[in-house]
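In: compute the structure for the input listed below.
(chains A and B)
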Amino acid sequence: EPEVTQTPSHQVTQMGQEVILRCVPISNHLYFYWYRQILGQKVEFLVSFYNNEISEKSEIFDDQFSVERPDGSNFTLKIRSTKLEDSAMYFCASSLGHEQFFGPGTRLTVL
Amino acid sequence: AQRVTQPEKLLSVFKGAPVELKCNYSYSGSPELFWYVQYSRQRLQLLLRHISRESIKGFTADLNKGETSFHLKKPFAQEEDSAMYYCALRTSGTYKYIFGTGTRLKVLA
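Out: You can find the predicted model right below:
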(Lines give C-alpha, C1' and ligand atoms only; values in the text may rest on other atoms or scores of the structure.)
Protein backbone atom coordinates (compact mmCIF):
# COMPACT_ATOMS: atom_id res chain seq x y z
CA GLU A 1 0.00 0.00 0.00
CA PRO A 2 1.47 3.39 -0.96
CA GLU A 3 2.48 5.66 1.89
CA VAL A 4 3.64 9.21 2.41
CA THR A 5 7.30 9.30 3.35
CA GLN A 6 9.25 12.06 5.10
CA THR A 7 12.96 12.73 5.54
CA PRO A 8 14.75 13.18 7.78
CA SER A 9 13.01 11.60 10.76
CA HIS A 10 14.86 13.94 13.10
CA GLN A 11 16.60 17.22 12.31
CA VAL A 12 18.62 19.22 14.79
CA THR A 13 19.62 22.75 13.84
CA GLN A 14 20.94 25.95 15.34
CA MET A 15 18.68 28.96 15.73
CA GLY A 16 18.86 31.16 12.66
CA GLN A 17 19.75 28.34 10.29
CA GLU A 18 17.67 27.32 7.31
CA VAL A 19 16.09 23.87 7.24
CA ILE A 20 14.34 21.96 4.49
CA LEU A 21 11.95 19.17 5.39
CA ARG A 22 11.18 16.72 2.64
CA CYS A 23 8.11 14.70 1.83
CA VAL A 24 7.19 12.29 -0.93
CA PRO A 25 3.39 12.24 -1.20
CA ILE A 26 1.40 9.33 -2.61
CA SER A 27 2.00 9.43 -6.33
CA ASN A 28 -1.49 10.03 -7.72
CA HIS A 29 -2.54 12.52 -5.05
CA LEU A 30 -3.26 16.10 -5.98
CA TYR A 31 -3.41 17.98 -2.68
CA PHE A 32 -0.49 18.36 -0.30
CA TYR A 33 -0.31 19.69 3.22
CA TRP A 34 2.02 20.51 6.06
CA TYR A 35 0.97 20.40 9.69
CA ARG A 36 2.99 20.82 12.83
CA GLN A 37 2.61 19.62 16.41
CA ILE A 38 4.49 21.33 19.19
CA LEU A 39 5.14 18.91 22.03
CA GLY A 40 2.03 18.47 24.15
CA GLN A 41 -0.14 20.58 21.86
CA LYS A 42 -2.57 19.94 19.05
CA VAL A 43 -1.76 19.21 15.43
CA GLU A 44 -1.97 22.57 13.61
CA PHE A 45 -2.48 23.23 9.92
CA LEU A 46 0.28 25.20 8.20
CA VAL A 47 -0.36 25.16 4.47
CA SER A 48 -2.10 23.35 1.63
CA PHE A 49 -0.80 23.13 -1.93
CA TYR A 50 -2.65 22.30 -5.13
CA ASN A 51 -1.86 22.70 -8.79
CA ASN A 52 1.60 24.03 -7.99
CA GLU A 53 0.48 26.82 -5.76
CA ILE A 54 -0.50 27.48 -2.19
CA SER A 55 -4.26 27.10 -1.85
CA GLU A 56 -4.53 27.98 1.82
CA LYS A 57 -2.23 28.90 4.69
CA SER A 58 -2.57 29.61 8.37
CA GLU A 59 -1.32 32.60 10.31
CA ILE A 60 1.58 30.43 11.50
CA PHE A 61 2.84 30.19 7.91
CA ASP A 62 4.60 33.54 7.73
CA ASP A 63 7.36 34.81 5.46
CA GLN A 64 9.88 32.49 7.11
CA PHE A 65 8.10 29.48 5.63
CA SER A 66 7.88 28.38 2.03
CA VAL A 67 6.79 25.25 0.19
CA GLU A 68 7.81 23.82 -3.12
CA ARG A 69 7.16 20.84 -5.32
CA PRO A 70 10.42 20.97 -7.25
CA ASP A 71 10.27 17.81 -9.33
CA GLY A 72 6.75 16.40 -9.39
CA SER A 73 7.41 13.91 -6.60
CA ASN A 74 8.95 15.75 -3.65
CA PHE A 75 7.11 18.32 -1.57
CA THR A 76 9.31 20.44 0.66
CA LEU A 77 8.85 22.81 3.55
CA LYS A 78 11.59 25.38 4.05
CA ILE A 79 12.07 27.45 7.17
CA ARG A 80 14.49 30.27 6.33
CA SER A 81 15.71 31.31 9.74
CA THR A 82 14.67 28.91 12.45
CA LYS A 83 13.55 30.07 15.89
CA LEU A 84 13.42 28.10 19.11
CA GLU A 85 9.64 28.02 18.88
CA ASP A 86 9.82 26.21 15.54
CA SER A 87 10.80 23.07 17.43
CA ALA A 88 7.98 20.64 16.71
CA MET A 89 6.94 17.55 14.84
CA TYR A 90 6.15 18.40 11.22
CA PHE A 91 3.72 16.19 9.35
CA CYS A 92 3.24 16.07 5.63
CA ALA A 93 -0.05 14.79 4.21
CA SER A 94 -1.51 14.22 0.79
CA SER A 95 -4.98 13.54 -0.55
CA LEU A 96 -7.05 13.00 -3.64
CA GLY A 97 -10.07 14.51 -1.92
CA HIS A 98 -11.37 14.43 1.60
CA GLU A 99 -9.25 11.76 3.29
CA GLN A 100 -5.73 12.88 4.08
CA PHE A 101 -2.86 10.41 4.36
CA PHE A 102 -0.13 11.41 6.75
CA GLY A 103 3.59 10.81 6.77
CA PRO A 104 5.45 9.64 9.87
CA GLY A 105 6.67 13.15 10.67
CA THR A 106 9.99 14.93 11.04
CA ARG A 107 10.99 16.00 14.50
CA LEU A 108 12.69 19.39 14.27
CA THR A 109 14.77 20.51 17.23
CA VAL A 110 16.08 24.08 17.19
CA LEU A 111 18.89 24.78 19.65
CA ALA B 1 -13.97 30.54 14.86
CA GLN B 2 -13.94 26.86 14.05
CA ARG B 3 -12.74 24.69 16.86
CA VAL B 4 -12.62 21.04 17.93
CA THR B 5 -12.71 20.14 21.60
CA GLN B 6 -11.66 16.83 23.07
CA PRO B 7 -12.17 17.32 26.80
CA GLU B 8 -10.29 14.25 28.01
CA LYS B 9 -6.50 14.12 27.70
CA LEU B 10 -6.40 10.59 29.05
CA LEU B 11 -9.02 7.90 29.27
CA SER B 12 -8.28 4.62 31.01
CA VAL B 13 -10.67 1.69 30.77
CA PHE B 14 -10.46 -2.01 31.47
CA LYS B 15 -10.44 -4.54 28.67
CA GLY B 16 -13.99 -5.45 27.73
CA ALA B 17 -15.46 -2.21 29.05
CA PRO B 18 -17.28 0.26 26.80
CA VAL B 19 -15.38 3.27 25.53
CA GLU B 20 -16.58 6.71 24.56
CA LEU B 21 -14.14 9.36 23.39
CA LYS B 22 -15.78 12.76 23.29
CA CYS B 23 -15.48 15.28 20.49
CA ASN B 24 -17.36 18.55 20.17
CA TYR B 25 -16.95 21.03 17.38
CA SER B 26 -17.75 24.65 16.76
CA TYR B 27 -18.79 25.47 13.20
CA SER B 28 -21.96 27.05 11.89
CA GLY B 29 -21.89 25.42 8.46
CA SER B 30 -22.03 21.82 7.29
CA PRO B 31 -19.06 20.01 8.81
CA GLU B 32 -17.12 16.95 7.84
CA LEU B 33 -15.82 15.08 10.85
CA PHE B 34 -13.08 12.50 11.08
CA TRP B 35 -11.42 10.37 13.72
CA TYR B 36 -7.72 9.68 13.31
CA VAL B 37 -5.74 7.24 15.42
CA GLN B 38 -2.03 7.18 16.17
CA TYR B 39 -0.66 3.95 17.60
CA SER B 40 2.67 4.03 19.40
CA ARG B 41 5.49 5.01 17.02
CA GLN B 42 3.16 4.99 14.02
CA ARG B 43 1.70 7.66 11.80
CA LEU B 44 -1.71 9.25 12.03
CA GLN B 45 -4.21 7.08 10.19
CA LEU B 46 -7.85 7.55 9.41
CA LEU B 47 -10.18 5.54 11.61
CA LEU B 48 -13.61 6.90 10.68
CA ARG B 49 -15.31 9.67 8.76
CA HIS B 50 -18.88 10.62 9.41
CA ILE B 51 -20.00 10.55 5.79
CA SER B 52 -19.22 6.86 5.41
CA ARG B 53 -21.15 5.77 8.54
CA GLU B 54 -19.11 2.60 8.79
CA SER B 55 -17.68 0.69 11.71
CA ILE B 56 -13.93 0.19 11.78
CA LYS B 57 -12.28 -2.11 14.35
CA GLY B 58 -15.59 -2.08 16.24
CA PHE B 59 -15.61 1.72 16.56
CA THR B 60 -18.54 3.87 15.50
CA ALA B 61 -19.21 7.59 15.60
CA ASP B 62 -22.40 9.48 14.89
CA LEU B 63 -22.55 13.12 13.97
CA ASN B 64 -25.04 14.94 16.19
CA LYS B 65 -25.55 18.37 14.68
CA GLY B 66 -27.87 19.47 17.47
CA GLU B 67 -25.20 18.84 20.09
CA THR B 68 -22.34 19.57 17.67
CA SER B 69 -20.72 16.32 18.71
CA PHE B 70 -18.99 13.38 17.04
CA HIS B 71 -18.21 11.02 19.89
CA LEU B 72 -16.30 7.82 19.19
CA LYS B 73 -17.67 4.66 20.75
CA LYS B 74 -16.76 1.02 21.09
CA PRO B 75 -18.80 -1.44 23.13
CA PHE B 76 -15.90 -3.64 24.26
CA ALA B 77 -12.40 -2.18 24.44
CA GLN B 78 -9.38 -4.28 23.51
CA GLU B 79 -5.78 -3.80 24.65
CA GLU B 80 -4.75 -3.11 21.07
CA ASP B 81 -7.05 -0.07 21.03
CA SER B 82 -4.57 1.77 23.26
CA ALA B 83 -3.48 4.80 21.22
CA MET B 84 -3.91 8.55 20.72
CA TYR B 85 -7.20 9.47 19.12
CA TYR B 86 -7.71 12.77 17.32
CA CYS B 87 -10.99 14.25 16.18
CA ALA B 88 -10.71 16.48 13.10
CA LEU B 89 -13.06 18.91 11.37
CA ARG B 90 -13.08 19.95 7.75
CA THR B 91 -15.18 22.98 6.85
CA SER B 92 -16.82 23.89 3.56
CA GLY B 93 -14.64 25.35 0.85
CA THR B 94 -11.40 24.13 2.36
CA TYR B 95 -9.41 20.92 2.56
CA LYS B 96 -7.52 21.69 5.76
CA TYR B 97 -8.23 19.80 8.96
CA ILE B 98 -8.78 21.43 12.32
CA PHE B 99 -7.68 18.97 14.97
CA GLY B 100 -8.64 18.55 18.57
CA THR B 101 -5.94 18.14 21.19
CA GLY B 102 -6.33 14.38 21.23
CA THR B 103 -7.27 11.79 23.83
CA ARG B 104 -4.89 9.07 24.92
CA LEU B 105 -6.82 5.85 25.41
CA LYS B 106 -5.28 3.25 27.71
CA VAL B 107 -6.96 -0.13 27.83
CA LEU B 108 -5.92 -2.01 30.93
CA ALA B 109 -5.74 -5.79 31.14
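In: report the contact partners of the residue most central in space within chain A.
Out: Taking CA atoms, centre = their mean as the criterion, residue A:34 is the residue nearest the geometric centre of chain A, at 3.6 Å. Contact partners of residue A:34, counting by CB atoms under 8 Å, 6 or more residues apart in numbering or on different chains, are A:21, A:23, A:46-47, A:67, A:77, A:90-93. Backbone N, C-alpha and C define where each C-beta goes, glycine included.
In: just residue B:99 next, same as before
Out: Counted by CB under 8 Å, 6+ apart, residue B:99 has contacts A:35, A:42-44, B:4, B:36, B:86-88.
In: let me know the pLDDT of residue B:71.
Out: pLDDT, residue B:71: 97.
In: before we move on, back to that, take the contacts of residue B:99 and keep only those in strands.
Out: Counting by DSSP state E, the part of the contacts of residue B:99 found in strands is A:35, A:43-44, B:4, B:36, B:86-88.
In: which one of those sits closest to residue B:72?
Out: residue B:87 (7.5 Å; CB to CB).
In: give me the distance between the nearest residue to that closest one once chain neighbours are set aside and chain A.
Out: Distance criterion CB to CB, 6 or more residues apart in numbering or on different chains; nearest residue to residue B:87, sequence neighbours excluded, is residue B:23 at 3.5 Å. Using CB to the nearest CB, to the nearest Å, residue B:23 is found at 13 Å from chain A.
In: can I assume residue B:23 is in contact with residue B:71?
Out: Yes - with contact defined as CB atoms under 8 Å, residue B:23 and residue B:71 form a contacting pair (5.9 Å).
In: more crowded one of these two?
Out: residue B:23 (25 against 18; other CB atoms under 10 Å in any protein chain shown).
In: who's in contact with the more buried one?
Out: B:4-6, B:33, B:35, B:61, B:69-72, B:87, B:100.
In: how about those residues, which pair is most distant?
Out: B:5 and B:61 (15.0 Å).
In: compare those two (neighbour count), which wins?
Out: residue B:61 (26 against 14).
In: rewinding a little: show me which of the contacts of residue A:34 is closest to residue A:11.
Out: If you rank the contacts of residue A:34 by distance to residue A:11 using CB to CB, residue A:21 comes first, at 7.0 Å.
In: angles on the backbone of that closest one, please.
Out: phi -100, psi 140 (degrees, to the nearest 10).
In: in the chain, which spans are strands?
Out: Picking chain A for this. Remark: strands assigned in chain A by DSSP E are A:5-7, A:10-13, A:19-24, A:31-37, A:43-50, A:53-57, A:65-68, A:75-79, A:88-95, A:100-102, A:106-110.
In: nope, chain B
Out: B:3-5, B:10-14, B:19-21, B:24-26, B:32-38, B:45-49, B:60-61, B:72-74, B:83-90, B:98-99, B:103-108.
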